[in-house]
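Asker: Any chance you can model this:
(4 chains, ligands or ions: 4)
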Amino acid sequence: MAEQTYIQAISDALEIEMKRDDSVYILGEDVAEFGGAFKVTRGLHEKYPGRVINTPISETAILGAAIGSALNGMRPVAEMQFMDFVTNGFNQLANVASTTSYRWGMGVPMVVRGPSGGGTSGGPFHSRNSEAWFAHTPGLKVVCPAFPDDAKGLLATAIRDNNPVMYFEHKALYRSIKGEVPEGEHTVPFGEVRVVREGTDLSIITYGSMVHKSLKAAEKLAENNISVEVVDIRTLVPFDEEGVLRSVRKTNRALVVHEATSHAGFGAEIVARITDKAFDALDAPVKRVAALDAPTPFAKTMEEFVLPQVEDVVQAAEAVVGY
Amino acid sequence: MAEQTYIQAISDALEIEMKRDDSVYILGEDVAEFGGAFKVTRGLHEKYPGRVINTPISETAILGAAIGSALNGMRPVAEMQFMDFVTNGFNQLANVASTTSYRWGMGVPMVVRGPSGGGTSGGPFHSRNSEAWFAHTPGLKVVCPAFPDDAKGLLATAIRDNNPVMYFEHKALYRSIKGEVPEGEHTVPFGEVRVVREGTDLSIITYGSMVHKSLKAAEKLAENNISVEVVDIRTLVPFDEEGVLRSVRKTNRALVVHEATSHAGFGAEIVARITDKAFDALDAPVKRVAALDAPTPFAKTMEEFVLPQVEDVVQAAEAVVGY
Amino acid sequence: MTLPFEFSETIQRSDILRDEQRKELLVHMLKAREFDAAMGRMYRQGRALGGVYSQLGNEATAVGSAYALEANDPLFPMHRDIGAHFVRGCDIDTLMRNHLARVGSQMRGTDGTGHYGDHSKKIYGNVSHLGAMIPVAAGYVLADKMRGTKSVAMNYIGDGGAQVGDFHEAMNLASVQKLPLVLIIENNQYAYSTPTDEQFACDKLSDRAIGYGIEGVTIDGTDVELVFDTCRQAVERARAGHGPTIIEALSMRMRGHAEHDDASYVPKDMLEYWQQRDPVDRYAAWLIDNGILTADEIDGIRKVIKEEMNECIDTVVELPMPDPEEGGKGVFVAS
Amino acid sequence: MTLPFEFSETIQRSDILRDEQRKELLVHMLKAREFDAAMGRMYRQGRALGGVYSQLGNEATAVGSAYALEANDPLFPMHRDIGAHFVRGCDIDTLMRNHLARVGSQMRGTDGTGHYGDHSKKIYGNVSHLGAMIPVAAGYVLADKMRGTKSVAMNYIGDGGAQVGDFHEAMNLASVQKLPLVLIIENNQYAYSTPTDEQFACDKLSDRAIGYGIEGVTIDGTDVELVFDTCRQAVERARAGHGPTIIEALSMRMRGHAEHDDASYVPKDMLEYWQQRDPVDRYAAWLIDNGILTADEIDGIRKVIKEEMNECIDTVVELPMPDPEEGGKGVFVAS
Ligand SMILES: Cc1ncc(C[n+]2csc(CCOP(=O)(O)OP(=O)(O)O)c2C)c(N)n1
Ligand SMILES: Cc1ncc(C[n+]2csc(CCOP(=O)(O)OP(=O)(O)O)c2C)c(N)n1
Ligand SMILES: [Mg+2]
Ligand SMILES: [Mg+2]
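Answerer: Ligands and ions are numbered 1, 2, ... in the order given. A predicted model of the protein is given here:
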């Protein structure tokens, strides 16, 4: 174990997997000598010559080339300079990567990774949380790590997976979140929730950046003697329905929290699963805390208002518990 | 009133709105002389010279040009030859069209329309129901008409709206569904559900093609003395939450039905709203009927299996009612 | 109707081909044509599934180009490249099952036409979204390049599809990385109902190559030997590390976009012009003129193919479609 | 470091410009430069918000091009085209509020930099997604064309952004429709850390024009009069109905991609070379040599601008950011 930041854990996973398997390589904009806009790939170009490839500004070409090379035995990790730019290559994911197993029976072992999320005054084009688009696209796996150890372990699993995986890093966690991370090779299985705080009165089901805000909220709620269990779902596809239900059946109350906008967000899916499968266990309506249905604004003041904050989680939790 | 097919009603709305307002024009692939792959725009090129524009095969250019012309006083109606191809211009919608009101305070009065949906052996690339992607993109309105009169009235409203509207036609309804349609100008407001069948035991909340399958299911269920109310939400954005709740509060049971794939589909949003706001009214878990989480296959046998059928609705309804 | 340049009346004899190979070329072209005719009949009899996209007029381009590859070179064909499938050794039964979504079809009924992928033959079919496979083909050979394998990818796109953004991003990436990619632009004068002058405004689509700093050439796509020679050179250049080539092959889509489309928007004289240049008839006549095959021999070949085709149809049509449950399977491969 | 062609040492005197206009050009360029310097200072003082993208080195391109438009012609500027904003009559206060997301900013704090849109000045800023505004600009003038209004759109893209698919689809559509669109490719040698030879493999980016059948030219983007003249011709051609032009303007990004980036990947001699060609200094010297302005006059102008800039900063910095609730408003306009 060693203490690492979230971003170090990601870089580490890349390096270890590149070392472990010659077919792993990286492509994207400015990823080689420069090491990427956030320096996630720094040093890898020198260590693995020819396996870290700078591309022109062409997300469609990056994703398409990743698919082609994956069909031909490689394990590409494609970096989106910001996850927002994945919209430029959306078709490659929605129609090519996602259907190849189904249509041809061929694996497309590729990972698409990059910084997503708000909270950094990035404005509408450098802050989006788009995981729900991909969760609603059969054939893609979707991963949203919250902690350094999971960031490392889930990325390794993503790289070793034979299917296309969307791996959403949260840029606000890169250097703000530290934690103990197993050294050397480390994988975390997909489709298993992680209970990051145990509690009895309410289950907060969440992922990504909001795991941390939910934990803060849980602490505040504990001051009022409300015992909150925080469940980090970690992977949206595959989705650990049982893991979520287990917690809800224990606490009998659930609050679903994510940073993405609310309408048709992934939170709705979680609510729907709970409502369908744990209806009798529920003592209160399942509520959601999510971003307002708006682009993420640039001004700090406005951004804080649009994105869900600790206080929003606290209030919603109180409402559910007090129901 | 006159009896029209779903597709005639759409063509009619286009024609009437073009006549009414010089700034309405059509652009897309093969839409001019040829009248489009499904002949929706047939005859309009001759009637409104210069206002039906054939484009190269370039969905990004089509959507971008629509946005630009909308900023400059026009009301473009962009046809996607199949709605599936919208993925090629996804960025224009997700980042340009959807944020312009928020960022610049300028309206982008444009409609993106085209055939979506399965049931025609169209295979993975000519069958997708992608409305949830757009419902989860703040700044876009999303419309899914089920009946000829709504198809006409909602399209007129979409064209007159000052915001970008995604208008999903269902190709399997084009010529199979007929109904009375008001003649001349006809608009239907956004954000109002339509109760298409009254009932007391169960509310089926649905839209698009599944309205018809739900009605068939309701008939079958009536044979077993189960009285089903069928609520067609018609617009996903704006969403008539009250309209849905009204029905659920009356029947105390709800089933959500759509043709799109289940995971993170729009049905989850409907369930989440019901669970949040009508929890006490519920006598049973809210269930969903939707497509399996797979691409839509080509072989008829397999397609029928993947897409939700009348019998699936019947069974799910019985489960909810029998709970 | 204007043409970008004067076509030669006669076949441009290749210096590389042996007569045995010439016969093979003809056989592949005939197979493509007969397959096409069979599918058209099926469509008219209501026995087809989905759209039927004729390749009539495209035989020389598809066959001549694919024939320029080595067995290890990946092929990324489009919907009208049935001839290329035959060159790769794909049999009628495989194609027919796939087109009709019958049990045992290459894609299990999940998708149709020539969209299938087959590692054993290095065939990687297309998705419907035009242009989407160009970056995929580029990535495929990028992988080989990284490993030091000298494969060359051949991919196809239409006069319409060449306007899609993917074309640009992929050809640009391929030129920067000097990837061994040959892109055939099948300019068959129409994209659905849209004539070329509503698709692009340049003289030749191969002029796009200048903007990528690569080789580009426009040729008569109805002359199988010229297509072969041109592609062969491009393949060799690519294999030698000199990067991608764009080859615009001119031909005519001799039928509607798909069989439901009567193509009444196509001027009659245009079809007549191209009818004169029918890729199969022209080549057959030339083979006879040059004493490589006799008319009788060609008739014989055609007859055998037709019989095989008919037998195959009779068998395949009787097959059931896959089990419904197949529809829920295979969304992911085992991880 | 190779250059696509030999630059002229001296400014290419325009035959159209009057001396009054020359002074205006200089003023706009100086404003752009001083604005830039101010933003850089703010960044280093920790008072900026988000990234600060210097336009240093881009003054002649942005100013000379925008100056070729009529007031009714829409301008679609990019992140480094501050000079173009000034040409359109945008004031420092507006830009500064917007960059710093202060109350009363053009975009209400929803977005920053030069991304704003302003119907009154026909300025339509960019989104971050490179290339996305090219089809939008095309559509804008398509609307005017449909109504018989003879406007010309000017849009910009970088040496990096020109590789995005949107570039291709939009320029192709614009050429087919003969739209009055002038696209300036600001080739400033780098896209973030990536040098041009990793972005494209053609000699000149203006060669892309050949593939669209339109005019294309590569020029010295540090010579404001040459930029103006070239753009003016393109604008006139466009207005006369002859369709789009691609103008590649060569210059150097004299700072990092944004202020956080020290650009250590840029060779020193490259910066030195371009420093010699500083667009503002060169033009100032030329104006003095040609007796159009004296050195003292120029110093005076510079001083006034600096003062205005500083005053403006002092005021704007003190302003609060918008009310939080603004964040939830305006997702849709009234229907
Ligand atoms: C991105 C995209 N947009 C639209 C379509 C619908 N479509 C299918 S084939 C076709 C015409 C294709 O023309 P061309 O590329 O010239 O090929 P051809 O059919 O003539 O061989 C169109 C518009 C598509 N498949 N992909
Ligand atoms: C489609 C897209 N991909 C990636 C980015 C991230 N990005 C922002 S600016 C930039 C470099 C732009 O280079 P260039 O186009 O040459 O413009 P310059 O900054 O040099 O003026 C990149 C890669 C983006 N904005 N858009
Ligand atoms: Mg064609
Ligand atoms: Mg640049």
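Asker: contacting residues around the residue in the stretch 51-200 of chain A that ligand 1 sits nearest to?
Answerer: Among the residues of the stretch 51-200 of chain A, A:Asn91 lies closest to ligand 1, at 7.7 Å counting by C-beta to the nearest ligand atom. In short, each C-beta sits where N, CA and C put it, glycine included. Listed by C-beta atoms under 8 Å, 6 or more residues apart in numbering or on different chains, the contact set of A:Asn91 reads A:60, B:87-88, B:90, C:129, C:132, C:166.
Asker: Just give the nearest non-adjacent residue to it, would you?
Answerer: Among residues not flanking A:Asn91 along the chain, B:Thr87 sits closest, at 4.0 Å (C-beta to C-beta, 6 or more residues apart in numbering or on different chains).
Asker: Just say helix, strand or coil for whichever residue of chain A sits closest to ligand 4.
Answerer: At 9.5 Å from ligand 4, A:Ile57 is the closest residue in chain A, using C-beta to the ion. For A:Ile57, the assignment made with DSSP: H, G, I helix; E, B strand; the rest coil gives coil.
Asker: Quick check, pLDDT for it.
Answerer: You'll see A:Ile57 listed with a pLDDT of 98.
Asker: Tell me if A:Lys220 really is in a strand.
Answerer: No: counting by three-state DSSP, A:Lys220 falls outside a strand, being helix.
Asker: how about the closest residue to it other than its chain neighbours, what does it touch?
Answerer: Leaving aside its chain neighbours, A:Lys220 sits nearest to A:Val314 (5.3 Å; criterion: C-beta to C-beta, 6+ apart). A:Val314 makes contact with A:217, A:220-221 under the criterion C-beta under 8 Å, 6+ apart.
Asker: and which of the residues you listed is nearest to B:Tyr207?
Answerer: Lowest distance from B:Tyr207 to the contacts of A:Val314 (C-beta to C-beta) belongs to A:Ala217, with 35.2 Å.
Asker: helices or strands up against the longest strand seen in chain A?
Answerer: Determined from DSSP state E, the single longest strand within chain A is strand A:254-261. Under the contact criterion of 3 or more C-beta pairs under 8 Å, 6 or more residues apart in numbering or on different chains; DSSP states H and E, strand A:254-261 touches strand A:202-206, helix A:209-223, helix A:266-277, strand A:287-291, helix A:310-321.
Asker: just so I know, which of these lies nearest ligand 3?
Answerer: Here helix A:266-277 is closest among the helices and strands packed on strand A:254-261 (C-beta to the ion), at 40.9 Å.
Asker: ok and the closest one relative to strand A:287-291, angle-wise?
Answerer: Angle of helix A:266-277 versus strand A:287-291, following axes from the mean of the first three to the mean of the last three C-alpha atoms, to 10 degrees, is 170 degrees.
Asker: Do any residues in helix A:266-277 lie close to chain B?
Answerer: Yes: for helix A:266-277 and chain B, the contact criterion (C-beta under 8 Å from any C-beta of the partner chain) is met by A:266-269, A:271-272, A:274-277.
Asker: Dump those to CSV, plus distance to D:Asp323, neighbour count and pLDDT.
Answerer: Formatted as CSV, these follow (distance: C-beta to C-beta, whole Å; neighbours: other C-beta atoms under 10 Å in any protein chain shown; pLDDT from 0 to 100):
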residue, distance to D:Asp323, neighbour count, pLDDT
A:Phe266, 30, 30, 99
A:Gly267, 27, 30, 98
A:Ala268, 29, 29, 98
A:Glu269, 33, 28, 98
A:Val271, 31, 27, 98
A:Ala272, 35, 28, 98
A:Ile274, 36, 27, 98
A:Thr275, 36, 26, 97
A:Asp276, 40, 19, 98
A:Lys277, 42, 17, 98
